[in-house]
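Chemist: This is a predicted model, with the sequence first.
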Amino acid sequence: MKRLLAIELQKIWKNRASKILTISYFIILCFIAMIASIKFDIGNFKIHFAEMGIFNFPFIWHFNTYIAASLKFFLAIVIVSMMANEYSYGTLKQNLIDGMSKKEFILSKFLTVVLFAFISTIFVFVMSLILGLCFSSYTEFGIVFSDMQYLVAYFVKLVGFFAFCLFLGVLIKRSAFAVGFLFVWFMGENISHAILKFNLFNRAPWVDEVYNYMPLESMSNLIVEPFTRLNAIKNIQMAVGENSVKDYDIHFSSILIVLVWTAIFIFSSYKIIQKRDL
Amino acid sequence: MESSILSIKNLHKRYGKIHAVNNVSLEIQKGNVYGILGPNGSGKSTTLGIVLNVVNKTSGEYNWFGGSMETHEALKKVGAIIERPNFYPYMTARENLELVCKIKNIDYSKVNEKLDVVGLIDRKDSKFKTFSLGMKQRLAIASALLNDPEILILDEPTNGLDPQGIHQIRDIIRLIASQGTTILLASHLLDEVEKVCSHVLVLRFGQVLYCGTVDGMTNQNGFFELQAESNAQLMLILKNHPEVDQVFEREGKVIAHFRNKFDAWLLNRYLAEKGIYLNHLVFKKMSLEEQFLELTNK
């Protein structure tokens, strides 16, 4: 396992573009901390995010994982190109000739994906902990370490998403097309969802049910947006008379769906490599 | 003692309607230098691709080292270059070789030594993308030699190189062959094969036309070059000999092909008995090139 990771990390780390993207990803993650300093002053209307409670434990786990997950596209590009490059350089062929098995090849990519997701999770954990300890109103041990399931969900979400990227890289062979296809897939999932739901089946609940099982939808369902959970926003909602009861929890079922997709993507990548004449 | 390195049995590969490899069988013994000959598209690279785990066979079997290990494990003991050198362009020569070491699960101690063998030691910290084709090809050979392989597989190693490049690669191959490494060399350059190989496999349209030693192939059909006072009379007498296949005159010499192997002294005696005394008698082997063209034109 260590050998496979060492091989893959050398491939990524020696590539300047991948290196820069990876480093910028982690730097930009740090900028989440900058949200703390955002202040709006519009006459009497003052917004200071840090004082609105977004950095309160345990809400911070939810908020930070949600925001951090939106940066995953940086690493997605690295992962798609690390796969597509193997095709364009002919090194996939050469690696196999040098004595790597097809299983080891996919496994080394998958381990890298898991490693990226794991480091991101650790990173978000440490950063949130520091931010929280600085700004949170509650710092009791029990409260600080409650709701840790958001970190688990974040990890699973990243692994699932990166596995999807890896699969597209294997399938499409060209990084630009694979990223393009990812975007098309994303649009396709949303547009078809909207058409089915609003035009054809008149908001029938089963449409949502079905779409909960689609890959990108299931990944985005893992962590529900945290904004409407804020007291300030809730107050506004109450004022305009919208009283929605939203479920912000992480569900085991959604984690399971994403894990199943991850398994499908990795397994199909392996099958594609196995079947293809390279 | 000879031991089997690679054995291929009844290998087939179809790409849709095209039968790229048709019933190829081959046995590779330790210590020999094998050449695979064939025109472009005759299935040489496909056959090598199959045994190197990058192309899927349609049917048939092959096994490495007597079948004692899985293909990808066996490939760690094989050095192979296919068509063009494949490396990571953004890594230096040394880094690329270190990556191969990681894949083959060996330490880095051989990297400098092999770079030295192919004459790239001065450029070891240059990025691969800055290399010329000849240097890339030499790096590929260094990479294939990293693990001191049991067998070296070279697919068109001199393709696209300039004369110096071809010469350098050939010298390296000869050096490796002289150290007793088994080599499998696919090429359509015949003199290349004739010069370095002991055994040869001729392919056309995916089928094996000949498989055996180079000598066996060139000896099989030798011919006599003869000249006498009267060539016309000589030809007349030769045509009456039951063993003679064909006789014709070329550039003032009579060329006689025999059906089977025929000794020069027998011919000489036969002609003398018939009252013909020769000015010129040479037994000529067909060159590999003539032999190859004859085989593949049938």
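Modeler: Received, thanks.

Chemist: mind listing the helices for the stretch 151-298 of chain B?
Modeler: B:163-178, B:190-196, B:214-220, B:231-239, B:264-273, B:288-297 (DSSP state H, counting those that start in this stretch).

Chemist: Give the buried residues for the fifth one.
Modeler: I take that to be helix B:264-273. For helix B:264-273, burial by neighbour count (16 or more other CB atoms under 10 Å in any protein chain shown) applies to B:267-268, B:271. Every C-beta, even on glycine, is put in place using the N, C-alpha and C of the backbone.

Chemist: who are the neighbours in contact with residue B:199?
Modeler: B:32-35, B:212-214 (CB atoms under 8 Å, 6 or more residues apart in numbering or on different chains).

Chemist: Can you select the buried ones among those residues for me in PyMOL?
Modeler: Filtering the contacts of residue B:199 down to the buried ones (16+ other CB under 10 Å) takes a single PyMOL command:
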select buried, chain B and resi 32+33+34+35+214
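
Chemist: Following element in sequence after the one helix or strand residue B:62 maps to, please.
Modeler: Assigned by DSSP states H and E, residue B:62 belongs to strand B:59-64. The C-terminal neighbour of strand B:59-64 among helices and strands, as given by DSSP H and E, is helix B:71-75.

Chemist: What helices and strands are in contact with that following helix?
Modeler: For helix B:71-75, the packing partners by 3 or more CB pairs under 8 Å, 6 or more residues apart in numbering or on different chains; DSSP states H and E come out as helix A:91-97, strand B:59-64.

Chemist: any idea of the mean pLDDT in the helix or strand immediately after the longest one in the chain?
Modeler: Yep, that's helix A:91-97 we're talking about. Taking DSSP H and E as the definition, the helix or strand that follows helix A:91-97 towards the C-terminus is helix A:102-135. Helix A:102-135 carries an average pLDDT of 92.

Chemist: Just the buried residues of helix A:102-135, please?
Modeler: A:102, A:104-114, A:116-117, A:120-121, A:124-125, A:127-129, A:131-132, A:135.

Chemist: Tell me if that helix is near chain B.
Modeler: Yes - for helix A:102-135, a contact with chain B is found by CB under 8 Å from any CB of the partner chain, at A:102, A:104.

Chemist: Please pull up the helix or strand immediately following that helix.
Modeler: helix A:141-144.

Chemist: what's the average pLDDT for the next helix or strand after that next one?
Modeler: Remark: after helix A:141-144, the chain's next helix or strand is helix A:149-172, criterion DSSP H and E. Averaged over helix A:149-172, pLDDT sits at 94.

Chemist: Does at least one residue of helix A:149-172 sit close to chain B?
Modeler: No - with CB under 8 Å from any CB as the criterion, chain B is not reached by helix A:149-172; the gap is at least 15.1 Å.

Chemist: Packing partners of that helix?
Modeler: Short answer (3+ CB pairs under 8 Å, 6+ apart): helix A:149-172 packs on helix A:59-69, helix A:72-88, helix A:102-135, helix A:175-194, helix A:215-222, helix A:252-275.

Chemist: Please identify the most buried of those helices.
Modeler: helix A:59-69 (a mean of 23; mean count of other CB atoms under 10 Å in any protein chain shown).
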